[in-house]
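Asker: Fold the following for me, if possible:
(chains A and B)
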Amino acid sequence: MTPRESPLEELRRHDVRAIVMGGSAGGIDALRVLLPLLPATLDVPVLVVLHVAADTTHAWASVFPQCRLPIREAEDKQIAEPGSVTIAPPAYHLLVDDGSRLALSIDEPVNLSRPSIDVLFESAAWAYRDHLLAVLLSGANADGAAGLAAVVRAGGLAWVQSPETALMPVMPRAGLHAAPPARAMTLAQMVEALQTWQTRERYARGS
Amino acid sequence: MTKEQELFEVEIDLFLEALYRGYRHDFRHYTRPTLRRRLTQALGAFGCESLSVLQHRVLRDATLLASVLSFLTVQVSDLFRDPAFYKELRAVVVPVLRTYPSLKVWVAGCSTGEEAYSLAILLEEEGLLQRTILYATDVSSEALRAAELGVYKIERAKEFSRNYERAGGHRALSDYYTAAYDGIVLDRRLRANIVFSDHSLATDSVFAEVHLVTCRNVLIYFDVSLRDRAVGLFRESLVRKGFLALGAKESLSTSVHAGSFTEVDRANRIYERL
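Answerer: A predicted model of the protein is given here:
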């Protein structure tokens, strides 16, 4: 049996063109670790769904002050720029289409959640197919599991915060259960792979 | 793309074409990611294994049309949804509206009527309702029927009241409805100045000159070309210095018509026609 590729090798082979992330309870804590450590050279869009109360008004950049990439809340029909972090607005689903064009919806909550991680992940799976990396973080419910399965079915990569390192293990466990090819990783392992991937890609292109 | 996904894309195109050719309902330029979700849900609800099967059925049985449309036009709203918007409307737009001897307002994509009634209440409290005609339009005749009834589930009353208070309402929202069984029935006199009618932003044209257009969380379901068609209709319909109000996360910044409007209130997405 040949050993499984490393996360880094997979990122390169899949030519990842977008990253989607989702989390609920404890997800914001995970992102406070993850986002500031994303390389400033990252040249793919990062789309994020966090479960927050409908009437939350967040200046997201102040929630993640250390992040080196520009952070903004999604606005309908914008293009998600490479090297930026886009967060779903409270009370709206965030979806994405080919060409990284964002779409919002106020359709019914999914898994009692709006925004729903499933909705973002499933739309991104359609848009990016095997060029997508989906990251499921801490949470106390199963939103995101079906989305992660859709990502894997479409040929994309799935990473899950290892349940034993997540504040709330329910969401990571549900993700691993629904999408068995998903990798359980610590935040540090995710960061290492993403940093090395971007640095080497840059280096290889001579920039 | 897997074979299944490829087929689904083909079937979506054919299905939308069938609705258009068969019934003149045009969803061909609705935004794709949301269409995929909604049509997947419709398949489950109808117990159809593919959109081709559902297409076959709906083309031959017009009685299915209404429920198919209900999947494509799902829209949820509340009375005074986004209270800050109504507050700003009172503060910034109403003083200008007051200067006109008679007023026309277009609620585009009114769904089951929540926004139209919210505006009627606001205009009533500002003493403007009697000189106003509110055109409330939608593509769904089922939604329009519900809108005309003005009956909402009693569980929603609490949220409606909370919104109304935060929107700067002058009285108690219960002054405008009577509770009956498990519903609240909005006051008839609110309806007297509202004209509910069938209108498609995709296929119909301008029908009146208006002073205010509200179209909130409708354009999010359109692709860029259809959004621009709709905004073009609003532009033609509005008087000079008339107002356009969009949903809280919508913007004209990516529209070809951006140059015809100026931003009055960024946070609440209120624009003025130049």
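
Asker: going forward, measure contacts between C-alpha atoms and count neighbours the same way
Answerer: Fine.

Asker: For chain B, which segments count as strands?
Answerer: Under the criterion DSSP state E, strands of chain B are mapped to B:103-108, B:132-138, B:151-153, B:177-180, B:183-186, B:194-198, B:210-215, B:238-246, B:261-265, B:270-273.

Asker: Relative to chain A, which of the ones you listed is closest?
Answerer: strand B:238-246 (11.1 Å; Cα to the nearest Cα).

Asker: so does that closest one get close to chain A?
Answerer: No. Using Cα under 8 Å from any Cα of the partner chain, we find that strand B:238-246 stays clear of chain A, coming within 11.1 Å at best.

Asker: Can you list the residue ranges for strands in chain A?
Answerer: Going by DSSP E, chain A shows strands at A:18-23, A:46-50, A:71-73, A:85-87, A:93-97, A:101-105, A:132-136, A:157-161, A:183-185.

Asker: so, in contact with chain B or not, the fourth one?
Answerer: Read it as strand A:85-87. No. Figure legend: strand A:85-87 not in contact with chain B (Cα under 8 Å from any Cα); closest approach 12.2 Å.

Asker: still on that earlier bit, got a markdown table for the strands of chain A, with mean pLDDT and mean neighbour count too?
Answerer: Shown next, in a markdown table, are the strands of chain A (pLDDT from 0 to 100; neighbours: other Cα atoms under 10 Å in any protein chain shown):
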| stretch | mean pLDDT | mean neighbour count |
| --- | --- | --- |
| strand A:18-23 | 98 | 25 |
| strand A:46-50 | 98 | 26 |
| strand A:71-73 | 94 | 19 |
| strand A:85-87 | 97 | 24 |
| strand A:93-97 | 96 | 28 |
| strand A:101-105 | 96 | 24 |
| strand A:132-136 | 98 | 28 |
| strand A:157-161 | 98 | 27 |
| strand A:183-185 | 98 | 19 |
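
Asker: want to throw the ones you listed into a markdown table with distance to B:T99?
Answerer: Compiled in a markdown table, those are given as follows (distance: least, Cα to Cα, whole Å):
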| stretch | distance to B:T99 |
| --- | --- |
| strand A:18-23 | 49 |
| strand A:46-50 | 45 |
| strand A:71-73 | 37 |
| strand A:85-87 | 41 |
| strand A:93-97 | 39 |
| strand A:101-105 | 36 |
| strand A:132-136 | 54 |
| strand A:157-161 | 59 |
| strand A:183-185 | 64 |
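
Asker: ok, which stretches of chain A are helices?
Answerer: A:7-14, A:27-34, A:60-63, A:117-128, A:145-153, A:170-178, A:187-205 (DSSP state H).

Asker: Count residues in the vicinity of B:T254, would you?
Answerer: Other residues near B:T254 come to 15 when the count uses other Cα atoms under 10 Å in any protein chain shown.

Asker: picking that back up, of all the strands of chain A, which lies closest to B:E250?
Answerer: strand A:101-105 (8.8 Å; Cα to Cα).

Asker: That closest one to strand A:93-97, inter-axis angle?
Answerer: In terms of direction (axes from the mean of the first three to the mean of the last three Cα atoms, to 10 degrees), strand A:101-105 departs from strand A:93-97 by 150 degrees.

Asker: Only alpha carbons, please: show strand A:101-105 as CSV.
Answerer: Extracted C-alpha coordinates of strand A:101-105, given in CSV (Å, rounded to 0.1, in the frame of the first residue of the first chain):
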residue,chain,number,x,y,z
ARG,A,101,-18.9,35.6,-7.8
LEU,A,102,-20.8,35.7,-4.5
ALA,A,103,-24.5,35.2,-4.1
LEU,A,104,-26.5,35.7,-1.0
SER,A,105,-29.9,34.3,-0.1
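
Asker: now what about that strand, what contacts it?
Answerer: A:74-80, A:92-97, B:31, B:33-34, B:217, B:220-221 (Cα atoms under 8 Å, 6 or more residues apart in numbering or on different chains).

Asker: Apply 6 Å and report the result again.
Answerer: By Cα atoms under 6 Å, 6 or more residues apart in numbering or on different chains, the residues outside strand A:101-105 that reach it are A:D76, A:K77, A:Q78, A:I79, A:Y92, A:H93, A:L94, A:L95, A:V96, B:I220.

Asker: With respect to B:H211, which of the helices of chain A lies nearest?
Answerer: helix A:60-63 (35.8 Å).

Asker: Report the mean confidence score over that closest one.
Answerer: Mean pLDDT, computed over helix A:60-63, is 85.

Asker: list the buried ones in it?
Answerer: A:A61 (16 or more other Cα atoms under 10 Å in any protein chain shown).

Asker: again with stretch A:111-124
Answerer: Those would be A:S113, A:R114, A:P115, A:S116, A:I117, A:D118, A:V119, A:L120, A:F121, A:E122, A:S123, A:A124, for stretch A:111-124 by 16+ other Cα under 10 Å.

Asker: Between the two ends of it, what distance do you get?
Answerer: Start-to-end span of stretch A:111-124 (Cα to Cα, to the nearest Å) is 18 Å.

Asker: before we move on, what about stretch B:56-73?
Answerer: 20 Å.

Asker: That stretch near chain A anywhere?
Answerer: No. If you take Cα under 6 Å from any Cα of the partner chain as the test, stretch B:56-73 misses chain A, and the best it gets is 9.6 Å.

Asker: so where is the chain shaky, pLDDT-wise?
Answerer: Assuming you mean chain A. A:1-2, A:200-207 (pLDDT under 70).

Asker: ah, I was thinking of chain B
Answerer: B:1.

Asker: got a list of what the spatially most central residue of it touches?
Answerer: Nearest to the mean C-alpha position of chain B, counting by Cα atoms, centre = their mean, stands B:G109 at 2.5 Å. Counting by Cα under 6 Å, 6+ apart, B:G109 touches B:T137, B:D138.

Asker: hmm, 7 Å instead?
Answerer: Listed by Cα atoms under 7 Å, 6 or more residues apart in numbering or on different chains, the contact partners of B:G109 are B:T137, B:D138, B:C215, B:V218.
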